[in-house]
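Participant: quick one: sequence plus predicted model below, questions after.
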Amino acid sequence: MIPVSDRIHNLPFKHKLMISFMVTSIVSLVLACLIFIINDYLAKRYDLLNEATALADTLANNSTAAVTFDDTHAANEILLALRAHPNIDMAALFRKDGTKLARYSRNGASGYPEPVISPTETTFDHNTIHVFRPIYLEKEQIGRIYLRYDLTAMGVRQFRFIWLALFVLIVVSCVSYAIASRLMQYISKPVQNLVEVARAVSLKRDYGIRAESYRSDEIGTLSESFNAMLAQIQERDIQLVMYHEQLEMQVSKRTHELETANAQLTFEIAERTKAERARNLMEYELLNSRKLESIGVLAGGIAHDFNNILTAVVGFISLARYKTKDNEQIQAFLKNAENGCFRAKNLTQQLLTFARGGKPVRKITSLTTILREAIDISMVGSNVSCDLALSKNLPPANIDAGQIIQVFSNLLINACQAMPNGGFVTVSGETFRVDDESVLPMPPGEYIRVVVKDFGCGIAEEHLHRIFDPYFSTKPMGNGLGLATCYSIIKNHGGMITVSSEQEKGSTFSVYLPAADRSITTKVPAVVHALVGTAMQKESGRVLVMDDEEIVRSVAGELFAILGYAAAFACDGDEAIAMYRDARDRGVPFDITILDVTIPGGMGGVETVEKLLSYDSKACVIVSSGYANDLVMSHYRSHGFKGVLPKPYSLDDITALLRSL
Amino acid sequence: MEILKKITGFLLEGFLTAALLLAPMSASAALDSPTRAVEHDVKAAFIYNFTKFITWPPASFENNSTPFRACIVEDMPLIEALESLTQKSTKGRQFQVIRFGSGVEAGMCHLLFIGESTERSLAKKIIASVGNSPVLTVGDYPAFATQGGIVRFIPFDGRLTFEINLEASRRSGLEISSKLLNLAKIVRGQP
């Protein structure tokens, strides 16, 4: 059970107000009625008492004579006058000694007890007032009078009053309820309104709602205060929203700034990383270049000398072969020796190419042909198959075909050697664009990238950075020049070569070469080693051989002699020019002049040919050099040479040269 | 005699209460002859009490200290009975009892009692001498009222009652209280 006080507490305000009002009014009314009834009762009693006393006094006064003269008859007569007073049902007159003089009772009733004199003047008992009054005559008490006043009538009256009060109570309650419910609206309605508004506000969170406020009482003030509070909340909300928006704006701005900064940072880091890589690559390149350069200088010197020696060896072997045509066995030996010399020649050529950087004799060439040729050369007799995949629109490149074939041959041979149990190599070619963003240390532009990928044993990581070093080799029979030469060649072509490898999975070499304008493709001149047959036609004439090496001069003389040429020799350009003039002046000019390109400490072939031609424009000058890939050798005509004779040369080489003139 | 006895008995019985009421004044009288004394005591009490219900004109008193003079003709026992009341006062005046005789004028008395024992001629003469003076004449013989007396005692039914001659009282200029009149038998005496 909920306690009554709690139930009242939980009642709506309106009912509370009504209950308090009704309780107050009913209690007030009941109290008022009670007070009225009690007051009426007391007043009536007092009045009755006064009346009885007055009546008693009057009777006392009237009965003085009767009492004085002890006249019972007269006394009874006097008391009979009480018949006019219906409330007095008994009366008596007593003498001074307390004996009864006369007695009166209403309707002669005898049921009343005999009156007994009492010292008290008035006593009340149930529904009765007993009045005893003295009878005075000239200030002397001569007796007493007794009146018994019946209050039953008053009781009836009181009872009627109570009923009336109840009736009034009900009527007044109804009326006051009606009035109260009407008046209560003045209090409860604004409060209700306020409550509803408050509820609406808290429910909808809409601080734009306002309570009605049309009076200036407390509730009106409350409404106004409430409205003011709402207005403040609304204003604060707006401010909050504003602040929130500002904050969000700031946050997004900051976020944006941060993002920008972050992007900037990422960009910078990337840039830095790229720069770092580029720098590393460049450093590596530089180091490599220097390393190769120094090695090149050394190797170049050795190769040059060696080549000259080889020239003599080759020359004399070819002479020996010429002289011993009939002896099969000697021929075979000499052939083997010659072959060995060719291998040695190849080696020197490689060394020289590597050492001098081998300035390439470039032509606009399609790589497709080059690659096919390289594959053909490398894969012969191998158990490795090659998969060539070139993109259709592969542009041509301005390259020295021989050098490039050499590069790819080397790479492919390496690939095959990496897969001794067979397998396949993929060669793919595509265009590749290098722009400012590229990490590759190459000038921006279009490149051709050829990737040679094998699935062999791979290269150990510790070897990876050394594989392009000259004379570095992991192969038992390797000379350590293959990849160094590749590197050198590609570098001289303005390209680059990179490697990536994973052990037991394979290696990938990427070769970048600058692409050429595809419109100026020229047909690839087939590099043909037209070997001159043994059948030689003897000719006659004079030949001037300029070479700084004694052994070269001597073998050249012997070789030309066999071919019917009388040879003269010069050590340098000045001597050659002087001899040429001298011979021409004497009327026996040289038919052929063979000039060495490089004369240490003297005038070289290029300068000499210029002077010779300025003297005799029809001079037949042949350039000879150990640097087979020298620019002068590949562009001999632009210098005024009529032919080329790379060192070392055999009898066959000279025969072929003479035939081509 | 039988009747007399009866009357006396009644009187005795009735007077007993009056005697008790008037005990202080009847004490000595009662010792000598009780019956007579009681009768005289009652009468004396009546006489004394009459003064309280009757108003005399102020002119009948010389001044405020003038006593109330009750003159009794010949009846000595009554005088004796009244003597005991002389200590009392009525209406603020001393109650004085005077034996009516030579040298006493009826006009100076406020109350004049003429008993049965007085000769009728003398009584008549005395009443005549009172004339219209404010003197309350009291008697106890039957012709008293008719002779011009105002109040006459009548023993009735064992009690002492009295009659009042309104004509006589009006002539005398006395005001008799209605309360007293209520107790009295009213007679109209001859002028």
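Facilitator: Noted; the coordinates are in hand. Numbers count the residues shown, from 1 in each chain, chains lettered A, B, ... in the order given.
Participant: B:Glu105 and B:Ile98: what is the separation?
Facilitator: For B:Glu105, the distance to B:Ile98 (CB to CB, to the nearest Å) stands at 11 Å. The way it works is simple: take the backbone N, C-alpha and C, and place the C-beta from them, glycine included.
Participant: isn't B:Ile98 up against B:Cys109?
Facilitator: Yes: judged on CB atoms under 8 Å, B:Ile98 makes contact with B:Cys109 at a distance of 6.8 Å.
Participant: identify the contacts common to the two.
Facilitator: Common neighbours of B:Ile98 and B:Cys109, counting by CB atoms under 8 Å, 6 or more residues apart in numbering or on different chains, are B:Arg69, B:Ala70, B:Cys71.
Participant: mind listing what the last one touches?
Facilitator: In other words, B:Cys71. Contacts for B:Cys71 (CB under 8 Å, 6+ apart) come out as B:Ile98, B:Arg99, B:Phe100, B:Val104, B:Ala106, B:Cys109, B:Leu111, B:Leu112, B:Phe113.
Participant: from B:Phe156, how far off is A:Asp547?
Facilitator: 220 Å.
Participant: returning to what we had before: who's more crowded, B:Ile98 and B:Cys109?
Facilitator: The neighbour count for B:Ile98 versus B:Cys109, taken as other CB atoms under 10 Å in any protein chain shown, is higher for B:Cys109 (26 against 18).
Participant: A:Asp547 and B:Phe156: which is more packed in?
Facilitator: More neighbours surround A:Asp547 than the other of A:Asp547 and B:Phe156, with 26 against 14 (other CB under 10 Å).
Participant: count of residues packed around the residue lying closest to the more buried one once chain neighbours are set aside?
Facilitator: Spatially, and ignoring its direct neighbours in sequence, A:Asp547 is nearest to A:Asp596 (4.4 Å; CB to CB, 6 or more residues apart in numbering or on different chains). By the measure other CB under 10 Å, the count of residues near A:Asp596 is 29.
Participant: next one: the one 5 residues further on
Facilitator: Look at A:Gly601: counted by other CB under 10 Å, it has 7 neighbours.
Participant: quick check: it is in a helix.
Facilitator: No: looking at A:Gly601 with DSSP: H, G, I helix; E, B strand; the rest coil, it is coil, so not inside a helix.
Participant: show me what contacts A:Arg210?
Facilitator: A:Arg210 touches A:Val197, A:Asn227, A:Leu230, counting by CB under 8 Å, 6+ apart.
Participant: can you tell me the element the residue in the stretch 51-200 of chain A that chain B sits nearest to falls in?
Facilitator: Residue nearest to chain B within the stretch 51-200 of chain A (CB to the nearest CB): A:Ala65, separated by 3.6 Å. For A:Ala65, the enclosing helix or strand under DSSP states H and E is helix A:64-68.
Participant: same thing with A:Glu446?
Facilitator: Taking DSSP H and E as the criterion, A:Glu446 maps to strand A:445-453.
Participant: what about that strand, distance to the chain center?
Facilitator: 36 Å (CA atoms, centre = their mean, to the nearest Å).
Participant: repeat for stretch B:152-168
Facilitator: On CA atoms, centre = their mean, the centre of stretch B:152-168 falls 11 Å from that of its chain.
Participant: go on, stretch A:373-389?
Facilitator: From the chain centre to the centre of stretch A:373-389 is a distance of 50 Å (CA atoms, centre = their mean).
Participant: other residues contacting that stretch?
Facilitator: Counting by CB under 8 Å, 6+ apart, A:371-372, A:404-405, A:407-409, A:412-413, A:415-416, A:419, A:421-429 sit against stretch A:373-389.
Participant: mind listing which of the shared contacts of B:Ile98 and B:Cys109 are in strands?
Facilitator: Those of the shared contacts of B:Ile98 and B:Cys109 mapping onto strands are B:Arg69, B:Ala70, B:Cys71, per DSSP state E.
Participant: could the residues you listed go into a markdown table alongside distance to A:Val314 and pLDDT?
Facilitator: Below are these laid out as a markdown table (distance: CB to CB, whole Å; pLDDT from 0 to 100):
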| residue | distance to A:Val314 | pLDDT |
| --- | --- | --- |
| B:Arg69 | 219 | 90 |
| B:Ala70 | 218 | 90 |
| B:Cys71 | 224 | 90 |
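Participant: so where do the helices sit in chain B?
Facilitator: B:2-21, B:23-32, B:34-53, B:76-83, B:120-130, B:166-172, B:178-183 (DSSP state H).
Participant: kindly report the same for the stretch 151-300 of chain A.
Facilitator: For the stretch 151-300 of chain A, applying DSSP state H, counting those that start in this stretch gives helices covering A:152-204, A:218-323.
Participant: can I get those helices in a markdown table with mean neighbour count?
Facilitator: What follows is the helices of the stretch 151-300 of chain A, written out as a markdown table (neighbours: other CB atoms under 10 Å in any protein chain shown):
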| stretch | mean neighbour count |
| --- | --- |
| helix A:152-204 | 14 |
| helix A:218-323 | 14 |
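Participant: which one of the ones you listed lies nearest to B:Gln147?
Facilitator: Nearest to B:Gln147 among these is helix A:152-204; the distance by CB to CB comes to 55.4 Å.
Participant: what is that closest one packed up against?
Facilitator: With contacts taken as 3 or more CB pairs under 8 Å, 6 or more residues apart in numbering or on different chains; DSSP states H and E, helix A:152-204 sits against helix A:13-62, helix A:218-323.
Participant: distance to chain B and mean pLDDT added to those, as TSV?
Facilitator: Below are these laid out as TSV (distance: least, CB to the nearest CB, whole Å; pLDDT from 0 to 100):
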stretch	distance to chain B	mean pLDDT
helix A:13-62	6	84
helix A:218-323	75	83
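Participant: right, and those helices - which one's nearest A:Ser650?
Facilitator: Closest to A:Ser650 of these, according to CB to CB: helix A:218-323, at 3.9 Å.
Participant: could you identify the helix or strand that succeeds the closest one?
Facilitator: helix A:328-356.
Participant: helix or strand: which one has A:Pro443?
Facilitator: Applying DSSP H and E, one finds A:Pro443 in no helix or strand.
Participant: quick one on the thing from earlier: what subset of the contacts of B:Cys71 is buried?
Facilitator: The neighbour-count test (16 or more other CB atoms under 10 Å in any protein chain shown) marks B:Ile98, B:Phe100, B:Ala106, B:Cys109, B:Leu111, B:Leu112, B:Phe113 as buried among those.
Participant: so what sits opposite the second one in the bridge?
Facilitator: In this structure, B:Phe100 bridges to B:Val73 when assessed by DSSP bridges.
Participant: isn't it up against B:Cys109?
Facilitator: Yes: using CB under 8 Å, B:Phe100 makes contact with B:Cys109 at a distance of 7.1 Å.
Participant: identify the residue spatially nearest to the closest residue to chain A within chain B, adjacent ones excluded.
Facilitator: Ranking the residues of chain B by distance to chain A (CB to the nearest CB) places B:Lys179 first, at 3.6 Å. Nearest non-adjacent residue to B:Lys179, counting by CB to CB, 6+ apart: A:Ala65, 3.6 Å away.
Participant: contact partners for that neighbour?
Facilitator: Counting by CB under 8 Å, 6+ apart, A:Ala65 touches A:Asp71, A:Ala74, B:Phe53, B:Ser177, B:Lys179, B:Leu180, B:Asn182, B:Leu183.
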